[in-house]
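Colleague: When you get a sec, could you give me coordinates for this:
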Amino acid sequence: MRWQRGLVGPLTEAPLVHGGVIYAGTRAGLLAAFDAGDGTPLWEAEADADLRRPVVVAGRALAAASADEQTWHGFTLDGQRLWRGAEADSELEGPVTAAGPLALLTEDRVVKAFTADGRPAWTYGDGDFDITAPAVSDGRILLQTPDEIHALNPEGERLWRFPLPAGYPVSAPLLRGNRLYVTSEEGMAALDLTAGP
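Modeller: Alright, predicted model coming up:
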């Protein structure tokens with residue numbers, strides 16, 4: 001074991017590793033940062049809420065969703081509190097993904113985008129089908145539904161969609177380079193993003 005560090009309060013979700021730093025939200029209302037190499041504690045910031053897994057948006061702020069208060073919280077990368085967002089219109093329970101200047105929340109069969117200051121930007125989906133947590137590639141936001149891959153631009157507009165073979169359940173797609181991989185009980189499929197839909 002390379003190192004081990006304790007936290008004040010249990011983790012709410014898996015931590016974020018970004019730029020050689022581990023960021024973790026806890027149920028004690030803290031956002032904590034550690035050096036990823038040796039575990040040295042760097043800072044703790046109070047949020048007075050159970051913070052979920054943070055994401056880095058706009059290269060400057062950590063936006064962490066609070067499941068209990070249904071709000072967004074913003075911090076600088078050195079732990080300074082920037083803002084506390086307005087209460088969301090639904091529970092912040094789905095996975096959160098960073099997409100450049102946006103934080104994407106997948107819940108209730110829709111994808112909701114928020115800006116780096118916690119304001120709603122756009123929503124995609126009408127709630128009629130399941131949508132996975134997105135993968136992000138070259139400014140494209142890639143989503144999987146039960147029978148298609150959807151590609152969106154940063155404004156939430158659909159660029160294209162690609163049909164999947166029958167039997168592919170909704171599970172988050174895996175992005176490696178220019179290949180997007182989707183899996184099912186029957187096997188795996190790969191989409192070459194350089195070739196288009």
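
Colleague: starting at the chain centroid, how far to the helix or strand bottoming out on mean pLDDT in the chain?
Modeller: Scoring the helices and strands of the chain by mean pLDDT, DSSP states H and E places strand 61-66 at the bottom, with a mean of 74. On the basis of CA atoms, centre = their mean, to the nearest Å, strand 61-66 sits 10 Å off its chain's mean C-alpha point.

Colleague: Are there helices or strands packed against the next helix or strand after that strand, and which ones?
Modeller: Remark: after strand 61-66, the chain's next helix or strand is strand 71-76, criterion DSSP states H and E. For strand 71-76, the packing partners by 3 or more CB pairs under 8 Å, 6 or more residues apart in numbering; DSSP states H and E come out as strand 61-66, strand 81-84. All C-beta atoms are positioned from the backbone trio N, CA, C, and that covers glycine.

Colleague: hey, where'd the helices end up in this protein?
Modeller: Ranges of helices in the chain, per DSSP state H: none exist.

Colleague: So, low pLDDT: which residues of it?
Modeller: Within the chain, the segments meeting pLDDT under 70 span 67-69, 85-95, 166-170, 185, 195-197.

Colleague: ok, back up a step: pick the most buried one from the helices and strands packed on strand 71-76.
Modeller: strand 61-66 (a mean of 26; mean count of other CB atoms under 10 Å).

Colleague: Can you name every helix or strand that that strand contacts?
Modeller: Here strand 61-66 touches strand 55-57, strand 71-76, strand 102-107, going by 3+ CB pairs under 8 Å, 6+ apart.

Colleague: Alpha carbons of it, as CSV, please.
Modeller: What follows is strand 61-66, C-alpha atoms only, in CSV (Å, rounded to 0.1, in the frame of the first residue of the first chain):
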residue,chain,number,x,y,z
ALA,A,61,-14.2,25.5,-10.5
LEU,A,62,-15.1,22.3,-8.7
ALA,A,63,-18.9,21.9,-8.9
ALA,A,64,-20.2,19.4,-6.4
ALA,A,65,-23.9,18.3,-6.2
SER,A,66,-25.5,18.0,-2.9
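
Colleague: related to what we said a few turns ago, would you turn the helices and strands packed on strand 71-76 into a markdown table with distance to residue 12?
Modeller: Shown next, in a markdown table, are the helices and strands packed on strand 71-76 (distance: least, CB to CB, whole Å):
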| stretch | distance to residue 12 |
| --- | --- |
| strand 61-66 | 9 |
| strand 81-84 | 17 |
